[in-house]
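J.: Let me see the structure of the following:
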Amino acid sequence: MSDCRHISRRVALTSAALSLGAATAAAMVTRAEAQQKISQADAKYQTTPKDDQRCDGCANFQPPNACRFVDGGIGPNGWCLLFGPKPKS
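T.: The predicted structure is shown next:
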């Protein structure tokens with residue numbers, strides 16, 4: 001007798017549909033989270049640096065004038081509470 005197990009088409013299709021649905025839901029959540037940024041006021045953003053900390057030295061800065069986490073235009077000479085230095089190369 002063969003040792004192969006029989007999987008019904010219904011089980012295979014249901015499993016595939018659930019996997020696809022989970023992947024689609026995960027992608028939608030990731031995209032939604034990526035679009036939500038905090039306001040400049042909440043981040044305490046200022047257009048001047050704080051000591052030697054400047055936006056263009058932050059890991060979250062996206063040249064020429066954006067941030068991964070703070071909404072609106074971000075100047076390279078600015079600073080906010082979310083400052084995280086770029087890793088040293």
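J.: Only C-alpha atoms from now on, for both contacts and neighbour counts.
T.: Fine.
J.: show me what contacts the residue nearest to residue 39 when sequence neighbours are not counted?
T.: Counting by Cα to Cα, 6 or more residues apart in numbering, the nearest residue to residue 39 once its immediate chain neighbours are dropped is residue 71, at 5.3 Å. Contact partners of residue 71, counting by Cα atoms under 8 Å, 6 or more residues apart in numbering, are 37, 38, 39, 40.
J.: Also residue 86?
T.: 57, 58, 59.
J.: From residue 68, how far off is the nearest residue to it once chain neighbours are set aside?
T.: In this structure, residue 86 finds its nearest non-sequential neighbour in residue 59, 4.3 Å apart by Cα to Cα, 6+ apart. According to Cα to Cα, to the nearest Å, residue 59 stands 9 Å off from residue 68.
J.: What's the PyMOL syntax to select whichever of the contacts of residue 71 are buried?
T.: Buried subset of those, written as a PyMOL selection, criterion 16 or more other Cα atoms under 10 Å:
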select buried, resi 40
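J.: Now tabulate the contacts of residue 71 in CSV and tack on secondary structure.
T.: As requested, the contacts of residue 71 are exported to CSV (DSSP: H, G, I helix; E, B strand; the rest coil):
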residue, secondary structure
37, coil
38, strand
39, coil
40, coil
